[in-house]
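1. fold the stuff below for me.
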Amino acid sequence: MIEFREIDRNNLFDVIKLGVADGQKEFVATNLFSIAQAKAFPECICLSIYHDDILVGFTMYCIDYEDKEYWISRLMIDEKYQSKGYGKAAMEKLIDRIKEDKKHKVIYIFEPENTWAKHLYEKLGFAADGRVIEGEVVYKLEY
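-> Next up, the predicted model:
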């Protein structure tokens with residue numbers, strides 16, 4: 001079972017040590033960078049992803065400062081836990097968590113260059129919304 005936990009003194013260094021395969025590093029910022037970014041952008045929420053009691057990944061989402069809508073900024077599963085369904089399960093759980101805020105009806109994400117992630121997001125209902133921001137295609141999920 002996938003569970004989100006706060007990042008705190010008990011798991012911070014383990015979250016920072018998580019990483020993706022060498023061929024994926026160009027697609028996602030490091031967790032250390034993301035945690036630092038969340039310090040400067042307090043609207044960002046960072047969470048660790050656990051399967052049972054095993055730390056398997058990291059996610060970050062926020063209500064964007066400018067457009068006041070939800071954006072999923074990061075979702076990463078450590079390379080040794082990939083291809084086990086944790087990414088899909090974590091994404092579904094994160095979408096459900098965001099949907100609890102009834103004031104919003106859309107979630108945005110940038111189209112990943114990683115074809116596996118792009119396929120997953122499309123399978124979950126995300127589709128291009130016609131915008132390109134800083135060279136990246138914006139995907140949205142309306143609910």
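
2. and the longest strand that the chain contains, which strands flank it?
-> Here the longest strand in the chain is taken by residue count, with DSSP state E as the criterion, and it is strand 54-63. Strands that pair with strand 54-63, judged by DSSP bridges, come out as strand 44-51 (antiparallel), strand 70-77 (antiparallel).

3. contacts for the worst-scoring helix or strand of the chain on mean pLDDT?
-> The helix or strand of the chain with the poorest confidence is helix 115-123; it has a mean of 86 (mean pLDDT, DSSP states H and E). If you take Cβ atoms under 8 Å, 6 or more residues apart in numbering as the criterion, helix 115-123 is touched by 27, 75, 87, 88, 91, 109, 111, 112, 139. (C-beta placed from N, C-alpha, C; glycine too.)

4. what's the neighbour count on the second one?
-> Going back to what we said before, that points to residue 75. By other Cβ atoms under 10 Å, 21 other residues sit near residue 75.

5. could you measure from it over to residue 109?
-> Distance, residue 75 to residue 109, using Cβ to Cβ, to the nearest Å: 9 Å.

6. returning to that earlier point: alpha carbons of the least confident helix or strand of the chain, as CSV, please.
-> Written as CSV, here are the backbone C-alpha positions of helix 115-123 (Å, rounded to 0.1, in the frame of the first residue of the first chain):
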residue,chain,number,x,y,z
THR,A,115,7.9,8.6,-22.6
TRP,A,116,7.0,6.1,-19.8
ALA,A,117,5.8,8.9,-17.6
LYS,A,118,4.0,10.6,-20.5
HIS,A,119,2.1,7.3,-21.2
LEU,A,120,1.2,7.0,-17.5
TYR,A,121,-0.1,10.5,-17.3
GLU,A,122,-2.2,10.1,-20.4
LYS,A,123,-3.6,6.8,-19.0
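
7. so which of the strands paired with strand 54-63 is the most packed in?
-> Across these, the average number of neighbours (mean count of other Cβ atoms under 10 Å) peaks for strand 70-77, which reaches a mean of 22.

8. could you identify the helix or strand that succeeds that strand?
-> For strand 70-77, the following helix or strand on the C-terminal side (DSSP states H and E) is helix 86-99.
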